[in-house]
Each structure stands twice: as C-alpha cells, then as structure tokens.
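Enquirer: coordinates only, sequence not included:
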C-alpha cells in the first residue's frame, strides 16, 4: 500500500452528534443562522452554570 492510501483511510475524529447544528429548530431567514431547540439551550445553560469559575 502506498503512503497516500494509508493517509486517506483514517477515521475522522470529530463527532457530529454534538455539533451546534445537530438539533436545529429553525433558521433565521436573512442570515441563515441556526436556532437551537429549547432542550439544547437549557443543557448549554446548565453546563455553563456548573463550569463557571
């Protein structure tokens, strides 16, 4: 196997299930900014409150 073939067979590291665009409830019409659903907003708020210094 050539070196180039080995390099392209590596599995990606990132997890798309935790990405900011994974659970979108809507999109703003002009800017196309995604709006998260309420569950994700409450989880993010809880995470920030528990991890503040």
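Expert: The structure has been received and is ready for your questions. The structure presented is a predicted model; accordingly, all values stated were derived computationally and were not measured. Residues are numbered from 1 along each chain as shown.
Enquirer: Pull out the buried residues from the helix ranked longest in the chain.
Expert: Taking DSSP state H as the criterion, the chain has its longest helix at helix 38-50. The neighbour-count check on helix 38-50 (16 or more other Cβ atoms under 10 Å) flags nothing as buried. C-beta coordinates here come from the backbone N, C-alpha and C atoms, glycine included.
Enquirer: ok, and what's touching that helix?
Expert: 23, 25, 36 (Cβ atoms under 8 Å, 6 or more residues apart in numbering).
Enquirer: Quick check on these: which are buried?
Expert: residue 36.
Enquirer: Tell me which of the contacts of helix 38-50 fall in strands.
Expert: With strands defined by DSSP state E, the entries of the contacts of helix 38-50 inside them are 25, 36.
Enquirer: need the contacts of helix 38-50 in TSV with distance to residue 48, can you?
Expert: Below are those laid out as TSV (distance: Cβ to Cβ, whole Å):
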residue	distance to residue 48
23	18
25	20
36	14
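Enquirer: Make TSV from the contacts of helix 38-50 and add pLDDT and distance to residue 49 to it.
Expert: Converted to TSV, these look like this (pLDDT from 0 to 100; distance: Cβ to Cβ, whole Å):
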residue	pLDDT	distance to residue 49
23	78	20
25	84	22
36	84	17
